[in-house]
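Undergrad: sequence first, predicted coordinates after that:
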Amino acid sequence: MQALVWDGRELRLDTAYATPQADDATALVRVHLAGICATDLQIFQGYMGFQGVPGHEFVGEVSAGPATLLGQRVVGEINFACGRCPVCAQGLGRHCPTRRVMEILHADGSLAEYVSVPVSNLHPVPASVADEAAVFTEPLAAAFEILEQVHVQSSTDVVVLGDGKLGLLCAQVLHSTGARVCVVGKHPHKLGLLHQCGIPTAVLTDWQPRPADVVVEATGSTTGLQLAMTILRPRGTLVLKSTVATAHALSLAPLVINENTVIGSRCGRFPPALQALVHHRVAVTP
Ligand SMILES: [Zn+2]
Ligand SMILES: [Zn+2]
């Protein structure tokens, strides 16, 4: 099959990459569309030392595997858990200590004609959700993960730092709770995509920071965390979404002084994201 392959130094198109095999527990998915996100770009900076086929956002069709799934249009969760350990038994397969992770840890990704995915990771895509929307399920699920981790209500002041894809998705998900959300970014044309959703935005250079109860750091840069710490209210919560490959130093004293809570936030469950797409609660195609 054709696949993009990252060897740790360069990305190349391999026209004769070995097609993965399917079995009773693993489906072969013919990729219709694949997304690219900042994590992919971090992989090419050395994040996690990954080598192989990049890509972890996709929608496709099952072309081999269990008969009940053949021809089914699917999206797939990217953490391949063992399903047997105590962590998996708690329902936290995304944190299984022996997991493989698509494009990140010992599993090829979706920038290829086919990707192999454990059957238990696949979710059928409702017919009303087009491929162009379904391909956003993975990052949208990561945005919904915040609601599993942080209690947000209509009186909560939330600032989302970063106007990349994940920032825009997090903003819409948080806005859907009724919370007061403001998104701060560097790109007026990206921030403008949120105006139709009624979400206030500010360009970083003109922004007058106001204290926030929750700050979501989705800048993808090393400076975002520092900025986030300066706007958190005492006892406020910082949600870290960026995965940055480079190490950086900063003083954590403000977190102690303000008794802030820091929450790392990564992948989420797919069903809430698919439901949001079915009911058009989040606009992804713009
Ligand atoms: Zn991603
Ligand atoms: Zn496990």
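TA: Noted; the coordinates are in hand. Ligands and ions are numbered 1, 2, ... in the order given.
Undergrad: how about stretch 61-70 as CSV, C-alpha atoms only?
TA: In CSV, the C-alpha atoms belonging to stretch 61-70 read as follows (Å, rounded to 0.1, in the frame of the first residue of the first chain):
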residue,chain,number,x,y,z
GLU,A,61,-14.4,1.9,6.0
VAL,A,62,-13.7,-1.6,7.4
SER,A,63,-12.2,-3.6,4.5
ALA,A,64,-11.1,-6.7,6.4
GLY,A,65,-11.8,-8.2,9.9
PRO,A,66,-14.9,-9.5,11.7
ALA,A,67,-17.7,-10.0,9.2
THR,A,68,-20.1,-7.9,11.3
LEU,A,69,-18.0,-4.8,10.6
LEU,A,70,-17.2,-5.2,6.9
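Undergrad: name the residues that touch that stretch?
TA: Stretch 61-70 is contacted from outside by 21-24, 26-30, 32, 71-74, 114, 119, 122, using Cβ atoms under 8 Å, 6 or more residues apart in numbering. Placement of C-beta: from N, CA and C, glycine included.
Undergrad: mind checking which helix or strand of this protein has the lowest mean pLDDT?
TA: helix 38-43 (a mean of 88; mean pLDDT, DSSP states H and E).
Undergrad: what lines up beside whatever helix or strand comes next after that one in the sheet?
TA: Past helix 38-43, further along toward the C-terminus, the next helix or strand under DSSP states H and E is strand 57-64. Strand 57-64 has the following strand partners under DSSP bridges: strand 26-35 (antiparallel), strand 73-76 (antiparallel).
Undergrad: circling back to that earlier point, buried sites along the least confident helix or strand of the chain?
TA: Across helix 38-43, burial judged by 16 or more other Cβ atoms under 10 Å covers 38-40, 42-43.
Undergrad: who does the helix or strand containing residue 277 touch, helix- and strand-wise?
TA: Following DSSP H and E, one finds residue 277 within helix 270-278. Applying 3 or more Cβ pairs under 8 Å, 6 or more residues apart in numbering; DSSP states H and E, one finds that helix 270-278 contacts strand 122-124, helix 131-134, helix 137-149.
Undergrad: could you redo the last one with a cut-off of 10 Å?
TA: Secondary-structure packing of helix 270-278 (3 or more Cβ pairs under 10 Å, 6 or more residues apart in numbering; DSSP states H and E): strand 73-76, strand 122-124, helix 131-134, helix 137-149, helix 165-175.
Undergrad: report the inter-axis angle for it versus helix 165-175.
TA: 80 degrees (axes from the mean of the first three to the mean of the last three Cα atoms, to 10 degrees).
Undergrad: local confidence estimate at residue 184?
TA: The model reports residue 184 with a pLDDT of 98.
Undergrad: mind giving me the packing neighbours of the helix or strand harbouring it?
TA: Taking DSSP H and E as the definition, one finds residue 184 inside strand 180-185. Packing partners of strand 180-185 (3+ Cβ pairs under 10 Å, 6+ apart): strand 157-161, helix 165-175, helix 188-191, strand 201-203, strand 212-217, helix 223-231.
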